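# Take this sequence and fold it.
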Amino acid sequence: MKNIISEELKYLSTRNEDKWRGSKYEVVKRADMTPKGDFGERVTEKMFKKAGIDAKIINGGKGEFDILLRDKGIRIEHKLATEDTNSSFQFNGIKKDVDYDYAYCLGVSPNKMWFGIFPKSTCNELTVAMTKNGEDSYKLTARPQKGRYPLMELTSENFLREVNKIV
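Predicted structure coming up:
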């Protein structure tokens, strides 16, 4: 058995193309889920603050929403996903039955970041369930500048333009 597994591991290693190796955001890809999510929430909170919006991560990002835009009372559910092999982002665990105003989706590719701000009404239309019975949470699949849920490159200009649409 050891020989079979060893042989197949060698074969698998020849098929691995790691677009993340040596990339700008490799550390994000390699991080565990909780620190990865915390990173995204902290980046986004600081970007709101830099834009002059009083933002605060609520309850350590645990609960019905993650970031509160305090001067506006807007509740943000924050999601982070890394780019998959098809250059898409799978934002998982989006809930329909909790209280937030927007889902802020931060996509991390090897050398760029992308984002989209989607109203809860859009999230309520999601149909790909994360569980068998489809009653818990949903997946939003997004691509840079394409499809039903397009993401745009995270730049100061794009961020300010999109945030001004919701505040």
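
# for the protein, which spans come out with low pLDDT?
Residue ranges of the chain with pLDDT under 70: 15-17, 132-135.

# so where's the longest helix in it?
helix 33-50 (DSSP state H).

# next structured bit after it?
strand 55-57 (DSSP states H and E).

# Mind giving me the packing neighbours of that next one?
Packing contacts for strand 55-57, counted by 3 or more Cβ pairs under 8 Å, 6 or more residues apart in numbering; DSSP states H and E, involve helix 33-50, strand 67-69. (C-beta placed from N, C-alpha, C; glycine too.)

# Nearest to residue 157, out of these?
With Cβ to Cβ as the measure, helix 33-50 is the member of those nearest residue 157 (12.0 Å).

# Could you give the separation of that closest one from the chain centroid?
10 Å (Cα atoms, centre = their mean, to the nearest Å).

# in whichever helix or strand residue 159 is part of, what's buried?
Taking DSSP H and E as the criterion, the element that holds residue 159 is helix 156-164. Residues of helix 156-164 classed as buried by neighbour count (16 or more other Cβ atoms under 10 Å): 159, 163.

# Same question for stretch 139-154.
So for stretch 139-154, counting by 16+ other Cβ under 10 Å, buried means 140, 141, 142, 143, 144, 149, 151, 152, 154.

# Adding distance to residue 107, write those residues out as JSON lines.
Below are the buried residues of stretch 139-154 laid out as JSON lines (distance: Cβ to Cβ, whole Å):
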{"residue": "140", "distance to residue 107": "11"}
{"residue": "141", "distance to residue 107": "11"}
{"residue": "142", "distance to residue 107": "7"}
{"residue": "143", "distance to residue 107": "9"}
{"residue": "144", "distance to residue 107": "7"}
{"residue": "149", "distance to residue 107": "10"}
{"residue": "151", "distance to residue 107": "5"}
{"residue": "152", "distance to residue 107": "10"}
{"residue": "154", "distance to residue 107": "8"}
